[in-house]
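S.K.: sequence and predicted structure, then a few things I'm wondering about:
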Amino acid sequence: MKTSTTASLKHHFLIAMPHMADPRFAQALIYLVEHNQDGAMGLVINRPSGLNLADIMEQLRPDSPTAPPFQAALVYAGGPVQTDRGFVLHPADHHFQATLALGELGMTTSQDVLFAIADGQGPARHLIALGYAGWGAGQLEAELAQNAWLSCPALPQILFDLPHDQRLDAAAASLGIQLSQLSQLSSQVGHA
């Protein structure tokens, strides 16, 4: 029986290469929540959905206002799978009804985190996403072998502190790479 020797990329960023053909992931930066022999799951963290927290709270709790500093909190298009399902990334020191520990981060899927943020009592650093990106067993590894993605360790300051339109370039820069220069390279893998 053959065993996989691929290291887990959990808590890494996936950086879409400039030649990414799939428009759902062109110029995407993805935070990988899980990566194992069964597949991978991540959230696109640099693509606003056009919604904000006030829009979501209007649906969930129409009679309670959202605290002014959090009304405009962006909601990201986390990926093409289950786009009606919400995910909130935040520092691990906050726990809610459905929080998955991811090391220094947590990911919550229950509404109580949204209520806490809207009331000004939740994690100050957070990223709200609708939907996720998913890969079946071996699918992400195949895409990596085809040079569709670069990967690097995830940095919370990129995730939480930078504007969404600076995150992709900052993740690439953490590898010493300028994406605009990569667009001039061939997408083909060479073999000697």
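M.R.: Perfect, I can see it now.
S.K.: and residue 165, how many neighbours?
M.R.: Neighbour count for residue 165, taken as other C-beta atoms under 10 Å: 11. Just so you know, the C-beta spots here come from the backbone N, C-alpha and C atoms, and that holds for glycine as well.
S.K.: ditto for residue 54
M.R.: Residues lying near residue 54 (other C-beta under 10 Å) number 17.
S.K.: quick check: phi and psi on it?
M.R.: When read as degrees, to the nearest 10, the backbone of residue 54 gives phi -60, psi -40.
S.K.: ok, and the closest non-adjacent residue to it?
M.R.: Distance criterion C-beta to C-beta, 6 or more residues apart in numbering; nearest residue to residue 54, sequence neighbours excluded, is residue 71 at 4.1 Å.
S.K.: contacting residues around the one you found?
M.R.: Shown in contact with residue 71 (C-beta atoms under 8 Å, 6 or more residues apart in numbering): 52, 53, 54.
S.K.: point to the residue nearest the middle of this protein.
M.R.: Nearest to the mean C-alpha position of the chain, counting by C-alpha atoms, centre = their mean, stands residue 43 at 2.9 Å.
S.K.: which helix or strand contains that residue?
M.R.: Element membership for residue 43, per DSSP states H and E: strand 39-44.
S.K.: what do you get for residue 141?
M.R.: Here residue 141 is assigned to helix 139-145, by DSSP H and E.
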